[in-house]
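In: My questions are about this predicted structure, shown below with the sequence.
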Amino acid sequence: MLPDGGADDEERWLAEGIAGVQQNAFYMHRALDSNNLKDALKYSAQMLSELRTSRLSPHKYYDLYMRAFDEMRKLEMFFREETRRGSCSVVDLYELVQHAGNVLPRLYLLCTVGSVYIKSKEAPAKDVLKDLVEMCRGIQHPLRGLFLRSYLSQISRDKLPDIGSEYEGDADSINVAVEFVLQNFIEMNKLWVRMQHQGPVREKEKRGKERNELRDLVGKNLHVLSQIEGVDLDMYKETVLPRILEQVVNCKDELAQFYLMDCIIQVFPDEYHLQTLETLLSAFPQLQPNVDIKTVLSQLMDRLSSYAAASPEVLPEFLQVEAFAKFSNAIGKVIEAQVDMPVVGAVTLYVSLLTFTLRVHPDRLDYVDQVLGACVKKLSGNAKLEDSRATKQIVALLSAPLEKYSNIVTALELSNYPRVMDYLDNSTTKVMALVIIQSIMKNTTCISTSDKIEALFDLIKGLIKDMDGAQNDELDDEDFKEEQNSVARLIHMLHNDDHEEMLKILCTVQKHILQGGPKRLPFTVPSLVFSALKLVRRLQGQDGDVIGEEVPATPKKIFQILHQTIEALSCVPSPELALRLYLQCAEAANDCDLEPVAYEFFTQAFILYEEEIADSKAQITAIHLIIGTLQRMNIFGVENRDTLTHKTTGYSAKLLKKPDQCRAVYACSHLFWTDDQDGIMDGERVLLCLKRALRIANAAQQMANVTRGSSGSVALFIEILNKYLYFFEKGIPEITNTVIQDLIELIRTEKQSENTVADPSTEAFFASTLRYIEFQKQKGGSIGEKYEQIKTT
Amino acid sequence: MNYIIGAFKAPCDVFITFADERSRKQVAIKKDNGKTLMVPAFQSLETIAGEVSVAPVPGKRVEHQGVKIELLGQIELYHERGHFYDFTSLVRELEVAGEIYERKTYPFEFSTVEMPYESYNGTNVRLRYILKVTIGRPYATSVVECRDFCVRNYTPLPSINNSIKMEVGIEDCLHIEFEYSKSKYHLKDVIVGKIYFLLVRIKIKNMELEIRRRESTGSGPGTYIETETLAKFELMDGAPVRGESIPVRLFLTPYELTPTYRNINNKFNVKYYLNLVLVDEEDRRYFKQQEITMYRLQETPQSS
């Protein structure tokens, strides 16, 4: 045995081989130049003997082969001339080369002369071809056989008795041509497969690699077949395809099966595939269990769908041959046959099928559902998917219909859609849900029935509520916000012009989002609330119709829902948000003339304020909000209003910090003076508020004096002055120019007191306030007159 | 030395020419010294005619006791050196005793000579035909001149020519079936056949078909058998798998074959065999030998 020589030895062997080829080629050329046929044959045979080596890897062997090949071209030319000159008939030559004692050189020479023989047309091409392909059986060594047959295929390619070819013979000759290529293909494939099983086991992997390098030699035959004019659909259907498939299936070699199936799909026209779909697909379940069928099958579906897309006129054919049913069937069988196929493989197949049906039969939603159903069936054995690649594929499976229909509504009609989603793990479910939402956003799809919304929320439930056993801790805060914001945006997309239906929608949404738990509600509830308020305003717009008791969609009802919803939020707890929403609702209720409702909302807001809002800053914000809202309310009766305003002022005076108290109290002054026609105009209480504010400001000043040794800024006084001016302009009788004059003086005194720290911003504030007064004076008119008596200097 | 040789040199030159020498087909035969010589070819029952011309050395006369020409068919076994068996011997007297002064020509003719055996030049045996002219001289050795010619006999196409078909093998190891389309081949024939591999459990490296010639001479204990491989023809390269069939097509033209000779004058036999040899990777040879009958077929005029 030769030692395992490695690359160096191989290089050397190759070099030796090349040297041998070159040397003999040199003598061969000499013989050719001197027209010495006998020597030419002798040296060419010797040259070809170099190809008998068993020591080269396919790659190196190819190198050697190519060198010999080039020389053979010259020899072929010589043969052609020789026969044309008549010095040796081609028939004699055909015999003469067969005298060579070694089979490999003999067959190379025979093929070469065979090519000349066909060209000479002294015998029908088909006979020569038949003979050649049969004789080549003499080489059973895989590598050498492959190259020899590849040589045969090469030299015969332009000489097949094809239809329209100059070598076309009788009617039978096309069959012979096809038979020739088929046979060569079958034999080459056998050799190729055999390579895997020869030699030591430990080099199995290496052999697999080497074989891969050789695959195109085999595949080329299929390419040649596809180029034969005479292979029409009938012949392809009756002869070519069945024969190829028989070989592919019977060779039982995964590498070959994968490559050849792929080859078949690539080289033959789509039209043929479509018409022979059944035959082609029937081969797939028979392939070896490890063959990567999904890739091949996906290729096929891709091709056919592109075909359908490129030429819409063939679509009826797709229907006629029931392409979808056949694919679906075949995939089922393949999955059944390949027990070990990982889930990802199966899902990939379904993705391809889905893509196919979406492209070919976009109108057949039932097909899509069928695919998803099949997928569910396949997955049904498993629990949630662990395999990340499989998950990815499922996401692809689910995204495809969304992209295609760009309308989630279509997807919602797919009964199996959510069932497929069930198999995703939690985080992927969320991703998928986001994809769905994004699709809706992108296409601004409006989802308008509660049934669909029910289905939709079922799909995105990963975002809506905590999944069983889900651990939120690893979730990034930012991501979570992003997700929930998406949901919030989604809620705004749910719309129906019909009020009743819209109400149903709201109920559905409410039902779902209330399951969201404390973390989600702050994001989702506002959306729902505002969506609901929008409906309220629409109802308000057509007041007349709403009166009937039968109509379920009344603002009252909606407010009930809102109440519940916000209540949930306040329990979360997210009191500040809840408070804001209550106030919003109250305002809406105000607009709907629903006093008790508005009152109730206010009550709720106050309760929240009292019980839940402890933070002083939050209190300040809240109180200002309450004041602002309450100021705009105009439906309250005197009693209710009094209660509320009273409460509000009470709260204001109880704020922690004096300046805050002061500001809240002077803000409360607005509660007693509205510009509305029938609004409250209680100047006395306004003044009361302002005075109280002044008191508080004073107290604040003194407190500052005591604690820090310097009085605080006079800003509060100036602010109060501004309020005075406001109400002064409004014409409240209780506020007179003297009161204002006093206040200005007071501020001046405060400013000049020794303890006051000069603050440029207060300075400026005061100055501009005085400037305003001057300005109003100069403007003249009734306001100017009013101001006339106020002295600013 | 020239004059000494001259003293023993024959006093005359003798030439034997065939009547149709120009037109007759010539074939090459191997002489004792290894050189080839072109000689005319005849077949049995042909008439062999021609001329013998005797040209005395100028200025000399040749006294003789008569001139005769013999046609001899001889078998020469190399193991019995120098011993010839004449199986055919015909004589024609050309001249009665007398003297020859100048160049003289004698026509001769052997009509419809029976020459049942073909000329053959083997390893241990030679069969040849000669024309021998003898000029007997008193008090001196006779002047003898020989001329070889070749005999080739043609056989008609055999009426029965069965194929050779056989299944052979080593149990659980190798099983093949081979088939040659004929059992009788003419010299320019083609051996066509097929080898089927029914079972292959050994690693075969290649397969060859050999043409072997078995020449046996003598008889009884003095029998010499010589086997010679005339052709080695590789049929297959590499290891086949079960179910493969390998075509056989061997042109016999390039090989120097003769017809099968059976029991030629009880002196020798020449037989031909096809030997199918399978060589495995350890260079072990598995073979099966089959006799084939070779014959000479009259070449059709168009191909000559």
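Out: In hand now; what should we look at?
In: Any idea how many residues pack against A:G781?
Out: 8 (other C-beta atoms under 10 Å in any protein chain shown). In this view, the C-beta of every residue, glycine as well, is placed from N, C-alpha and C.
In: Where does the prediction get shaky in chain B?
Out: Counting by pLDDT under 70, chain B contains low-confidence ranges at B:1-9, B:300-304.
In: Check the stretch 151-300 of chain A too.
Out: For the stretch 151-300 of chain A, counting by pLDDT under 70, not a single residue falls below.
In: just the helices in it please.
Out: Secondary structure of the stretch 151-300 of chain A (DSSP state H, counting those that start in this stretch): helices at A:173-197, A:204-227, A:233-235, A:241-251, A:254-267, A:270-275, A:277-283, A:293-310.
In: Run through the neighbouring helices and strands of the third one.
Out: Based on contacts counted as 3 or more C-beta pairs under 8 Å, 6 or more residues apart in numbering or on different chains; DSSP states H and E, the elements that helix A:233-235 packs against are helix A:270-275.
In: Buried residues in the helix it packs on, which are they?
Out: A:D270, A:Y272, A:H273, A:L274, A:Q275 (16 or more other C-beta atoms under 10 Å in any protein chain shown).
In: Same check on stretch B:119-136?
Out: Buried, per 16+ other C-beta under 10 Å, within stretch B:119-136: B:119-122, B:124-129, B:131-135.
In: Pick out the most distant pair among those residues.
Out: Spatially, the most separated pair among the buried residues of stretch B:119-136 is B:N124 and B:I135, at 33.7 Å (C-beta to C-beta).
In: What is the least confident helix or strand in chain A?
Out: helix A:543-546 (a mean of 49; mean pLDDT, DSSP states H and E).
In: Name the next helix or strand following it along the chain.
Out: helix A:555-571 (DSSP states H and E).
In: Go through that following helix and flag the buried ones.
Out: Under 16+ other C-beta under 10 Å, the buried positions of helix A:555-571 are A:555-559, A:561-563, A:565-566, A:568-570.
In: Please could you give me each C-alpha atom of it, formatted as CSV?
Out: C-alpha atoms of helix A:555-571 as CSV (Å, rounded to 0.1, in the frame of the first residue of the first chain):
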residue,chain,number,x,y,z
PRO,A,555,-72.8,58.3,26.4
LYS,A,556,-73.9,57.1,29.8
LYS,A,557,-73.1,53.6,29.0
ILE,A,558,-69.7,54.6,27.7
PHE,A,559,-69.0,56.6,30.8
GLN,A,560,-69.8,53.5,32.8
ILE,A,561,-67.2,51.6,30.9
LEU,A,562,-64.8,54.4,31.3
HIS,A,563,-65.4,54.5,35.0
GLN,A,564,-64.6,50.8,35.3
THR,A,565,-61.5,51.1,33.3
ILE,A,566,-60.1,54.0,35.1
GLU,A,567,-60.9,52.5,38.3
ALA,A,568,-58.8,49.5,37.4
LEU,A,569,-56.0,51.9,36.6
SER,A,570,-56.3,53.6,40.0
CYS,A,571,-55.9,50.3,41.7
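In: The helix or strand following it relative to helix A:555-571, how many degrees between them?
Out: Counting by DSSP H and E, the next helix or strand C-terminal to helix A:555-571 is helix A:575-591. Relative orientation of helix A:575-591 and helix A:555-571, computed by axes from the mean of the first three to the mean of the last three C-alpha atoms, to 10 degrees: 170 degrees.
In: So which elements touch helix A:575-591?
Out: helix A:521-541, helix A:555-571, helix A:595-611, helix A:616-632.
In: So for the second one, mean pLDDT?
Out: For helix A:555-571, the mean pLDDT works out to 77.
In: Please work out the angle formed by the directions of it and helix A:521-541.
Out: With the same axes, to 10 degrees defining the directions, helix A:555-571 sits at 170 degrees from helix A:521-541.
In: Quick one: the helices and strands packed on helix A:575-591 as JSON lines, columns for distance to B:I195 too.
Out: Shown next, in JSON lines, are these (distance: least, C-beta to C-beta, whole Å):
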{"stretch": "helix A:521-541", "distance to B:I195": "83"}
{"stretch": "helix A:555-571", "distance to B:I195": "90"}
{"stretch": "helix A:595-611", "distance to B:I195": "101"}
{"stretch": "helix A:616-632", "distance to B:I195": "100"}
